[in-house]
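*Asks:* Sequence unavailable; structure follows:
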């Protein structure tokens, strides 16, 4: 009985074990085959797993290979592996990787451990990177492979490979280096490398085409195509090659092109766009219309540039302007006709733009008068002799001291500069007009001429005031049956001529080339045989803007012949001299020439001179101003505003207000005028009216800035911003006043 109980107990235990493994069956055999050398042999095993938990399978492989695994929590499920033949440990591990890959998992080596995680997460892990060559073993672990391409485009190759990889894999194209970057299982990468090797070959299906040109030159188009289709080198240090071959055939003006069909289609399309007719005026003949310069004068300057070039320039470089350039001036249209290449015309055009600029103008105001030597007419100026003046500081020049007086009796040419008024004797006159008004009724002072003229910089201005006097050149008398008298006349100018050439320098200084000629008829000269006095002065001076130049020391003598006789008795022949007397009186005169140059920088300055002349006319002849029909414009408003601003700085509020009110009649929206008249109203205590003017400035929405300001901190600010600040500052005062 006891013997039967023991086999029965073992049978029950066996049934329990079979019941526990009914869902998961594992079978493995281990066989050791000794090596030929007698050392430890290679181990071979057989593996059979039927619906086994993947984690149990991982544990089995870990114990078999001795590898350490870290299992991601997402690794779950059952696996089935059938291996009827014996395999080695290395093969068993590759089977293990294949099982993981089939179930969407993979291995990533990280130091001494191997991570097992979903394939989708493997590409962001530290996977092994293979730079060149194929994998030595078809493993199923995830790696990154760098694949350099020789002929194919990385973008095109990516399009081919993307459908051949799994959704969790990554294919990246890098055209700059001509490479593909693959992140995939090593076994699949081997397959992809084989495909790439088959596709990355030199394309040999090319065609030869002849493209006829109608307008463009074959050589020029060939150079353009070669530049466009140049391919960058694939490897560092490699020589760049062209994607197609283009040969110009100048004999028939055509292109011979060797390229594939697609490339040839693009080349034909590009050539069609380039082979277009040249527009009129786009050849070597160009017309440039000048705005400020004179065509004839500028043509001389530009012609000198081309003819002055050496035949063989230094350094082997071609000159910017060749001698083949032709420049012709058309005075009717004030334009230049230039025959040159595009490159040469571009150089000439740049030069023309720099020369064809508006030139500043100079307003010249002069006064020429003669003073009797008996007249006390001492002019206090900065006199100089054979020297020049620069800056505003006075200095001694030669034998004359600065700010010295010179009287009418001084001999020789003297030159002086007046900077702050014209001092004659003890009286200082503000300008030439004041002298004219003061001495126009003085018999000892003869005002010869008061010329005024406007000229451009570096251009000669000439004024001539006088008369055309007849001179007898020959006389002939005939006698006989009839008597005839023949007299031949020649007319000559007896005039006052003033020629001035201004040259504007930097810092508002001017160099004036002055030529003066005074021609006068001598008193009591015989009829039809006039005698003239001629006096000239030529000099060059350097003055500042609005300074007055005085030229003196031109001495002349006028001889007056007078005869007194007793009526009837003085005409007795032989005895008449007893009853008459003759007297020759000589009067010495000194000529003074006052010249005041003023630089006209813009139309507003010219408008200011016009207004000034109107004011002078209004003082001398009030009714004459009504005859001037000058249209109202904004330039007048700008001038009046500047004058009002000057009075405002002097705290002459009433005079400033008059200027501003008159300026608003010319331009009611001038922001400078509105802002300044608001300041006047604020000074007068009318804060409400001041705020209204400031608000009008804001309504103009102007972008003008304060060029000058009594407050240095506001200089350069927008006028609208200043107006807003003034309104905010006035709000407490307006509320208090209410």
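*Replies:* Okay, I see it. Predicted model only: the values in this text are computed from it and were never measured. Numbers count the residues shown, from 1 in each chain.

*Asks:* Can you get me a residue count around the residue nearest to residue 252 when sequence neighbours are not counted?
*Replies:* Using Cβ to Cβ, 6 or more residues apart in numbering and skipping the chain neighbours, the partner closest in space to residue 252 is residue 212 (7.2 Å). The way it works is simple: take the backbone N, C-alpha and C, and place the C-beta from them, glycine included. Using other Cβ atoms under 10 Å, residue 212 has 12 other residues around it.

*Asks:* same thing with the one 5 residues further on?
*Replies:* Summarising burial for residue 217: neighbours were counted as other Cβ under 10 Å, giving 13.

*Asks:* doesn't residue 74 make contact with residue 55?
*Replies:* No: counting by Cβ atoms under 8 Å, residue 55 does not reach residue 74; the two are 11.9 Å apart.

*Asks:* When these two are compared, which one has more neighbours?
*Replies:* With neighbours defined as other Cβ under 10 Å, residue 55 and residue 74 compare such that residue 55 has more, 16 against 12.

*Asks:* looking at this, that one is in a helix?
*Replies:* Yes: assessed by DSSP: H, G, I helix; E, B strand; the rest coil, residue 55 belongs to a helix.

*Asks:* how is the chain carved up into domains?
*Replies:* Segmentation of the chain into domains, based on the TED database, reads 43-126, 207-231+241-274, 285-307+322-357, 359-400+413-420+427-599, 602-735.

*Asks:* Can you check the distance spanned by the second one, start to finish?
*Replies:* With Cα to Cα, to the nearest Å as the measure, the ends of domain 207-231+241-274 fall 22 Å from one another.

*Asks:* Quick one: residues contacting residue 501.
*Replies:* Residues in contact with residue 501, defined by Cβ atoms under 8 Å, 6 or more residues apart in numbering, are 458, 459, 460, 461, 512, 513.

*Asks:* Any idea how many residues pack against the first one?
*Replies:* By other Cβ under 10 Å, 13 other residues sit near residue 458.

*Asks:* May I have the phi/psi pair for it?
*Replies:* When read as degrees, to the nearest 10, the backbone of residue 458 gives phi 70, psi 10.

*Asks:* Same question for the fourth one.
*Replies:* Taking degrees, to the nearest 10, you get phi -110, psi 130 for the backbone angles of residue 461.

*Asks:* Count the neighbours of the nearest residue to residue 301 once chain neighbours are set aside for me.
*Replies:* Closest residue to residue 301 apart from its sequence neighbours, by Cβ to Cβ, 6+ apart: residue 355 at 7.1 Å. Burial measure for residue 355: 13 neighbouring residues, criterion other Cβ under 10 Å.

*Asks:* can you check residue 366 too?
*Replies:* When neighbours are counted by other Cβ under 10 Å, residue 366 registers 24.

*Asks:* got the contact list for it?
*Replies:* For residue 366, the contacting residues are 432, 449, 450, 451, 452, 463, 498, 500, 593, 594, 595, 596, by Cβ under 8 Å, 6+ apart.

*Asks:* returning to what we had before: for the contacts of residue 501, give me CSV that also has pLDDT.
*Replies:* Formatted as CSV, the contacts of residue 501 follow (pLDDT from 0 to 100):
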residue, pLDDT
458, 88
459, 89
460, 90
461, 90
512, 89
513, 90
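
*Asks:* which of these lies closest to residue 179?
*Replies:* residue 458 (67.8 Å; Cβ to Cβ).

*Asks:* Is there a neighbour count for the closest residue to the closest one other than its chain neighbours? I'd like the number.
*Replies:* Closest residue to residue 458 apart from its sequence neighbours, by Cβ to Cβ, 6+ apart: residue 503 at 5.7 Å. Neighbour count for residue 503, taken as other Cβ under 10 Å: 15.

*Asks:* And for the one 10 residues further on?
*Replies:* The burial count assigned to residue 513 is 14, neighbours taken as other Cβ under 10 Å.

*Asks:* What residues sit buried inside the helix or strand containing it?
*Replies:* In the assignment (DSSP states H and E), residue 513 maps to strand 509-521. Using 16 or more other Cβ atoms under 10 Å as the test for burial, strand 509-521 gives 509, 510, 512, 514, 515, 516, 517, 518, 519, 520.

*Asks:* Quickly note the distance from the last one to residue 650.
*Replies:* Residue 520 sits 45 Å away from residue 650, taking Cβ to Cβ, to the nearest Å as the criterion.
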